[in-house]
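S.K.: build me a structure from this.
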Amino acid sequence: MKFSKHFVAAALTAACAASAFAQNVTVTDAWARATVTGQKATGAFMTLTAKDNAKLVGVSSPAAGVAEIHEMKIDKDVMKMAALPNGLDLPAGKAVALKPGSYHVMLMDLKDPLVKDSTVPLTLTFQDAKGVKSKVELKVLVGMQPPAMPSHDHGTHKHNEHNHGDHKH
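M.R.: Reported below is the predicted structural model:
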């Protein structure tokens, strides 16, 4: 079962990357946090890499009444979260991580709980430097944490059994 779960995660990630690649932006490691009954909001996370300067300007999902691009940051020892109404800049060639505690997609007014090991549809809207918009539709894996990549599963080996370079354990 462990293999198939990792295989599905890798296949979904590869499908996401392939679908977004033609749009100037590559999407990798996409996932959404699972919810419990009654929970009406959650986050979706991924890494976006634009070939040329672009901007993530919108997000939507039929699973949520509201979907927004958010930033979470600490300001004077207070955690603040706010929507980015002007979108999120994606500098050419630089990976921009949407992750817990930072930039993320906020899914609110959820219609149903997001169940672990299911998928949730997301549509990302990008705008290039010339103002041309494009959309990418994804099926994002739902989990409690980022999906583990099968090529390097840290849960199946001990770090002292192989060399990671010159650092000491």
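
S.K.: mean confidence for the helix or strand containing A44?
M.R.: Applying DSSP states H and E as the criterion places A44 in strand 41-50. Average pLDDT, strand 41-50: 97.

S.K.: show me where this structure has its strands.
M.R.: All strands of the chain, identified by DSSP state E, fall at 25-33, 41-50, 54-60, 64-75, 78-83, 88-90, 95-98, 103-110, 119-128, 133-143.

S.K.: ok, back up a step: distance from the chain centre to the strand holding A44, please.
M.R.: Between the centre of strand 41-50 and the centre of its chain there are 2 Å (C-alpha atoms, centre = their mean, to the nearest Å).

S.K.: mind listing what's buried in it?
M.R.: Using 16 or more other C-beta atoms under 10 Å as the test for burial, strand 41-50 gives T42, G43, A44, F45, M46, T47, L48, T49, A50. C-beta coordinates here come from the backbone N, C-alpha and C atoms, glycine included.

S.K.: just to revisit the earlier point, worst average pLDDT in the strands of the chain?
M.R.: Ranked on mean pLDDT, the bottom entry among the strands of the chain is strand 78-83, at a mean of 91.

S.K.: ok, that strand: who's next to it in the sheet?
M.R.: When pairing is defined by DSSP bridges, strand 78-83 lines up against strand 64-75 (antiparallel).

S.K.: which residues are contacting the strand it pairs with?
M.R.: With C-beta atoms under 8 Å, 6 or more residues apart in numbering as the test, strand 64-75 has contacts from 43, 56-61, 79-84, 87-88, 101-111, 122.
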